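Undergrad: fold the following, please.
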Amino acid sequence: MPNVWGIHNDTLTSELVDYGFVSIGWDETGDLRKLPADRDGLKWELARIYPDRKPQARAIWVGNLIRFRDEMQVGDIVVAPYRPDRTINIGRITSDYRYDASAPTHRHRRDVSWLRVGLDRSIFSQAALWEIGAMLTVFAVRKRAEEFLAVLSAGDEPVEDLTREVEAVVEPTEQDADEPSASRIEQHTRDVVLERLHRQIGDQDFEEFTAALLRAMGYEARTTRFSGDGGVDVIAHRDAFGAEPPIIKVQCKHTTNKIGGPDVQRLVGARGDGEFGLFVTLGSYTNDAAMIERHNPNLRLLAGSDIVELFLAHYDHVDARWRSLVPLRSVLAVDDSGD
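TA: This next block holds a predicted model:
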């Protein structure tokens, strides 16, 4: 069984998938192959290059660099959370470490063949999500590696079938003992919100939830007659009677799958002159759907991560029905955003 690695990248986004690689920072070090192979020698080099950084931080960096340069092997699997839409990409490492001196940033790289991209987080158990939420940049995935390998063995099955594949290898009694922190608690909250919106309400409920969320944001919003025909599901406007432009026509898709261009194009065709189109889903969008949005200034695509963000931002003003679906309260947690 191949080793499974997790890697976080908060700097690069779509280019990782478009050009097939994973990368890390610390560009000031230059080519890592020219630095000492042992930990002590690498610590000394980092102290020379980064004299103002805390020794504890440099010690953690040594582990990240060694894992990326030396321990990752061709054929290993890499799990990469994708920050912009909070999905997960999984690929196979296809090259040894290389240093791309021509790159503007993140010059430490390994080529990757991406096998599954844009996977919804709800596919995986909470313990697996906590494990890949590690605070390290590069880390071994050990406790829940079988979940990510199960997704790869399932081929191109839809999200719902992938969830069953993962559940088949999960031991429900296992507990994750990793230490909680502010970022983990925040991500756990987002995962729970998305999971409950996906699993605990139906299609018509999702339309009603969308209207309620728009009302919490200050709009007048109502659902249209539910028919499941892919038409406009919610109509929203700023004034009480809908006399002032723009009228917002909303299409809702209660799914965590990717939404393609044809679905988005149908919403574009349903708009009248001067009307605004809003597509709402719990999943994400294909590249051709995103291209349609870029060419239509009166169109906005909201993915699952956007919906969760808006729900949390306007939580106090959302109807009690939806607050009871995901009861939340403010807490203080250890801040892990610093060095």
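
Undergrad: quick check: the gap between the nearest residue to Arg67 once chain neighbours are set aside and Ile259.
TA: Among residues not flanking Arg67 along the chain, Val138 sits closest, at 4.4 Å (CB to CB, 6 or more residues apart in numbering). Quick note: C-beta positions are derived from backbone N, CA and C, even for glycine. To Ile259, Val138 is 32 Å away according to CB to CB, to the nearest Å.

Undergrad: shaky segments in this structure?
TA: Under the criterion of pLDDT under 70, the regions of the chain flagged as low confidence span 155-180, 226-230, 336-339.

Undergrad: check it for its longest helix and report it.
TA: The residue-count maximum for a helix in the chain (DSSP state H) belongs to helix 182-199.

Undergrad: how about residues contacting that one?
TA: For helix 182-199, the surrounding residues in contact (CB atoms under 8 Å, 6 or more residues apart in numbering) are 86, 120-122, 126, 129-130, 133, 135, 178, 206, 209, 254, 256, 282, 304-305, 307-308, 311-312, 325-326, 328, 331, 333-337.

Undergrad: list the buried residues of that helix.
TA: Within helix 182-199, the residues scored as buried using 16 or more other CB atoms under 10 Å are 184, 187, 190-191, 193-195, 197-198.

Undergrad: which ones among the contacts of helix 182-199 are found in helices?
TA: Using DSSP H, the subset of the contacts of helix 182-199 located in helices is 126, 129-130, 206, 209, 304-305, 307-308, 311-312, 325.

Undergrad: and the residues you listed as TSV, adding distance to Ala290 and neighbour count?
TA: Supplementary listing: the ones in helices among the contacts of helix 182-199 in TSV, determined by distance: CB to CB, whole Å; neighbours: other CB atoms under 10 Å:
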residue	distance to Ala290	neighbour count
Gln126	29	15
Leu129	25	23
Trp130	30	20
Phe206	22	21
Phe209	24	24
Gly304	15	25
Ser305	14	20
Ile307	17	20
Val308	19	20
Phe311	22	23
Leu312	24	15
Leu325	29	16
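
Undergrad: closest one of these to Pro55?
TA: Here the nearest of the ones in helices among the contacts of helix 182-199 to Pro55, counting by CB to CB, is Trp130; it sits at 27.8 Å.

Undergrad: how many neighbours does Pro245 have?
TA: The number of residues packed around Pro245, counting by other CB atoms under 10 Å, is 13.

Undergrad: need the strands for the chain, in chain order.
TA: Here the chain has its strands, by DSSP state E, at 4-7, 21-24, 77-82, 87-93, 98-99, 108-119, 138-140, 220-223, 234-237, 248-253, 258-259, 276-281, 284-285, 299-302.

Undergrad: dump the longest helix of the chain to PDB, restricted to CA.
TA: What follows is the C-alpha trace of helix 182-199 in PDB, where atoms were taken according to Å, rounded to 0.1, in the frame of the first residue of the first chain:
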ATOM      1  CA  ALA A 182      -9.000  27.400  17.000                       C
ATOM      2  CA  SER A 183      -8.400  26.500  13.300                       C
ATOM      3  CA  ARG A 184      -9.500  22.900  13.900                       C
ATOM      4  CA  ILE A 185     -12.700  23.900  15.800                       C
ATOM      5  CA  GLU A 186     -13.500  26.500  13.100                       C
ATOM      6  CA  GLN A 187     -13.100  23.900  10.300                       C
ATOM      7  CA  HIS A 188     -15.100  21.300  12.300                       C
ATOM      8  CA  THR A 189     -17.900  23.800  12.600                       C
ATOM      9  CA  ARG A 190     -17.900  24.400   8.800                       C
ATOM     10  CA  ASP A 191     -17.900  20.700   8.100                       C
ATOM     11  CA  VAL A 192     -20.800  20.100  10.400                       C
ATOM     12  CA  VAL A 193     -22.900  22.900   8.800                       C
ATOM     13  CA  LEU A 194     -22.200  21.500   5.300                       C
ATOM     14  CA  GLU A 195     -22.900  18.000   6.400                       C
ATOM     15  CA  ARG A 196     -26.300  18.800   8.000                       C
ATOM     16  CA  LEU A 197     -27.400  21.000   5.100                       C
ATOM     17  CA  HIS A 198     -26.600  18.000   2.800                       C
ATOM     18  CA  ARG A 199     -27.900  15.100   4.800                       C
END
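
Undergrad: and that helix with strand 77-82, angle?
TA: Note on geometry: by axes from the mean of the first three to the mean of the last three CA atoms, to 10 degrees, helix 182-199 and strand 77-82 are set 90 degrees apart in direction.

Undergrad: now do helix 182-199: distance to the chain's middle.
TA: If you compare the mean C-alpha spot of helix 182-199 with that of the full chain, they lie 11 Å apart, counting by CA atoms, centre = their mean, to the nearest Å.

Undergrad: nearest the geometric middle of the protein, what residue?
TA: Most central residue of the chain, judged by C-alpha distance to the mean C-alpha position with CA atoms, centre = their mean, is Arg86 at 1.0 Å.

Undergrad: tell me the domain ranges of this protein?
TA: Split into domains by automatic domain parsing, the chain comes to 4-178, 199-325.
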